[in-house]
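J.: Next input, structure requested:
(one chain, ligands or ions: 1)
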Amino acid sequence: MGISALPTSLPVRPVVGITDVKAGAEAVLSPKTVEKALSAIESSKRLAAYTAVDHYVKPEHRVIGIGSGSTVPYVVERIVQQGVEANKDRVFIPTVLALSVSGFQSKELIVESRLNLGDVDQYPVIDVTLDGADEVDRSLNCIKGGGACHLREKVLAEAAKTFILVADYRKNVEYLGTNWQPGVPIEVVPFAYAKVLSNLHNSLGSPNASLRMAVKKAGPVVSDNGNFIIDAPFDQEKMKDPYPIMAQIKMLTGVVEVGLFCHMAEAAYFGNQDGTVTIKRSDGSTTQVTP
Ligand SMILES: O=C(CO)[C@H](O)[C@H](O)COP(=O)(O)O
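T.: Modelled structure (predicted):
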């Protein structure tokens, strides 16, 4: 598979982790090297998702939130493997309700897997929500919204008694912004975007914040809610404890939701290249297991 055919859920997202770092970012990797790196990444995603489902999706769970991105299909795959009997009385709540061009959307996944579909307005309390992340720090704060879905994702995370993150090893960092370069995704109502950009540039310390532009369409990316997305990078000082900047951005009039999820996850599962899974928990503990 050539690099132009890489499966990404959004064209603006960098393919982190498969550049030849030693040779420099511009180095062209052979298709074979790229394919090997990609299959390692896919295996890591699957490993994280399967282990998280095995630990957190229990027979007594009836309402389950399903996030978006390219790791979540493995969550659904593992849940389906629990069998028809286990799933017949369960309801699954997707983060994306509209059918869209992306092959990774959670509604399609649920419907195609013949699981029961519900929405959060019918089921405002969810037993467990599992979702991917763009990056997760040592305290389980995370950046989400690489796929512009973070409004619904945050609602499903907040509605859940237990919120679990699943990701490959590239997302496991000390501080947010280490590998994830575009910055914090911010959903804004369209008419307020220039004002919010100005607030970010001049008052909140993100001089390079920019409107996310579509790649296969003219103009900006439009979210499932009809809004624009701003990507705002911040320096490490601000990302060491992202809660204050998250709250400041959220207070700006015109902002609908910020893709910083602080103090929400109970655990994060990272699949590693060596076949192990690193589990970071909200109590500060970290374990490594071999499933
Ligand atoms: O926040 C998200 C979409 O808005 C995704 O969960 C996040 O981008 C992770 O995606 P992937 O599993 O493809 O790396």
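J.: How much space separates the residue of the stretch 51-200 of the chain found nearest the ligand from Gly146?
T.: In the stretch 51-200 of the chain, no residue comes nearer to the ligand than Gly69, which is 2.6 Å away by C-beta to the nearest ligand atom. Using the backbone N, CA and C atoms, a C-beta is placed for each residue, glycine as well. Distance, Gly69 to Gly146, by C-beta to C-beta, to the nearest Å: 7 Å.
J.: same check, this time on Val258
T.: Distance of Val258 to Gly146, computed by C-beta to C-beta: 14 Å.
J.: where do the contact lists of the two overlap?
T.: Common contacts of Val258 and Gly146, defined by C-beta atoms under 8 Å, 6 or more residues apart in numbering, comprise Pro185.
J.: how about the closest residue to Asn225 other than its chain neighbours, what does it touch?
T.: Spatial nearest neighbour of Asn225, chain neighbours left out: Leu151 (6.0 Å); criterion: C-beta to C-beta, 6 or more residues apart in numbering. For Leu151, the contact set (C-beta under 8 Å, 6+ apart) comprises Glu187, Ser223, Asn225, Asn227, Val256, Glu257.
J.: Distance across stretch 182-196, terminal residue to terminal residue?
T.: 17 Å (C-alpha to C-alpha, to the nearest Å).
J.: For that stretch, buried residues please.
T.: Pro182, Gly183, Val184, Pro185, Ile186, Glu187, Val188, Ala192, Tyr193, Val196 (16 or more other C-beta atoms under 10 Å).
J.: Now go through those residues and say which are in helices.
T.: Applying DSSP state H to the buried residues of stretch 182-196, the entries found in helices are Tyr193, Val196.
J.: who does the strand or helix carrying Arg78 touch, helix- and strand-wise?
T.: Using DSSP states H and E, Arg78 sits within helix 72-81. Other elements packing on helix 72-81 under the criterion 3 or more C-beta pairs under 8 Å, 6 or more residues apart in numbering; DSSP states H and E are helix 31-56, strand 63-66, helix 106-112, strand 126-131, strand 160-168.
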